[in-house]
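Visitor: Show me the folded form of this:
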Amino acid sequence: MKHSLMVCLLLFISYAHGQTRVSFPEQCVERYASHYRVPPELIEAVIDIESGWNPYARSSKGAMGLMQLMPATARRFGASSPFDIEQNIAAGTRYVTTLMWEFHGDLRLVTAAYYAGDLWVGKRQLDYQNPDVLAYVRAVRERYIARRFHQRTPMRR
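Guide: Here you go, the predicted structure:
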């Protein structure tokens, strides 16, 4: 009995030691993506491109945090402290969910709207030609595919 308990304990320790720890931001992504029923790999891909997982990132245009929320977008989706990791991911994921509904799940339009604004993309649909928008959509798509189909380990810059 003692021997089998010891073997089980050793197996558990070796199993737990082999597991990679999931960071708090990654836990938040999993929780909110699951809650809002969006692919966590999409949220992770957006974070990869937007901030490189830097919770204190700030763009020259004023976007803040992991998901680079503009102040009005942060307020609109409930982030009173946009540099707070959980608030930022929760609000950014809510925003992505809204875009998923608005653009019927078309990830090209969702990511273009996340970058350029839903009103602008909503008017032009797939006729957006801005090279910055096209590069952003392509970059998020590549990260999303890599995360979705090739690996589930963090892909930080």
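Visitor: From Tyr56, how far out is Leu42?
Guide: Separation of Leu42 from Tyr56 (Cβ to Cβ, to the nearest Å) stands at 23 Å. For every residue, glycine as well, the C-beta is placed using N, CA and C.
Visitor: So between these two, which is more surrounded?
Guide: Legend: neighbour count by other Cβ atoms under 10 Å for Leu42 and Tyr56, higher for Leu42 (24 against 10).
Visitor: Three-state assignment for the more buried one, please.
Guide: helix (DSSP: H, G, I helix; E, B strand; the rest coil).
Visitor: Would you mind confirming that it makes contact with Arg108?
Guide: No - contact between Leu42 and Arg108 fails when scored by Cβ atoms under 8 Å: they sit 11.9 Å apart.
Visitor: which residues in this structure form helices?
Guide: 2-18, 24-36, 40-50, 71-76, 85-102, 107-116, 118-124, 131-145 (DSSP state H).
Visitor: nearest to Lys61, of those?
Guide: Counting by Cβ to Cβ, Lys61 lies closest to helix 71-76 out of the helices of the chain; the figure is 10.3 Å.
Visitor: same question for the closest one, mean pLDDT?
Guide: Taken as a whole, helix 71-76 has a mean pLDDT of 96.
Visitor: CA atoms only for it, dumped as CSV, please.
Guide: Written as CSV, here are the backbone C-alpha positions of helix 71-76 (Å, rounded to 0.1, in the frame of the first residue of the first chain):
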residue,chain,number,x,y,z
PRO,A,71,-9.8,54.9,-24.3
ALA,A,72,-13.3,55.0,-25.7
THR,A,73,-13.3,51.3,-26.6
ALA,A,74,-12.0,50.5,-23.2
ARG,A,75,-14.8,52.4,-21.5
ARG,A,76,-17.4,51.1,-23.9
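Visitor: That helix: which residues count as buried?
Guide: Thr73, Ala74 (16 or more other Cβ atoms under 10 Å).
Visitor: How about stretch 56-69?
Guide: Buried, per 16+ other Cβ under 10 Å, within stretch 56-69: Ala57, Ala63, Met64, Gly65, Leu66, Met67, Gln68, Leu69.
Visitor: Any chance of TSV for the residues you listed, columns distance to Ala139?
Guide: Shown next, in TSV, are these (distance: Cβ to Cβ, whole Å):
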residue	distance to Ala139
Ala57	16
Ala63	16
Met64	20
Gly65	19
Leu66	16
Met67	15
Gln68	13
Leu69	18
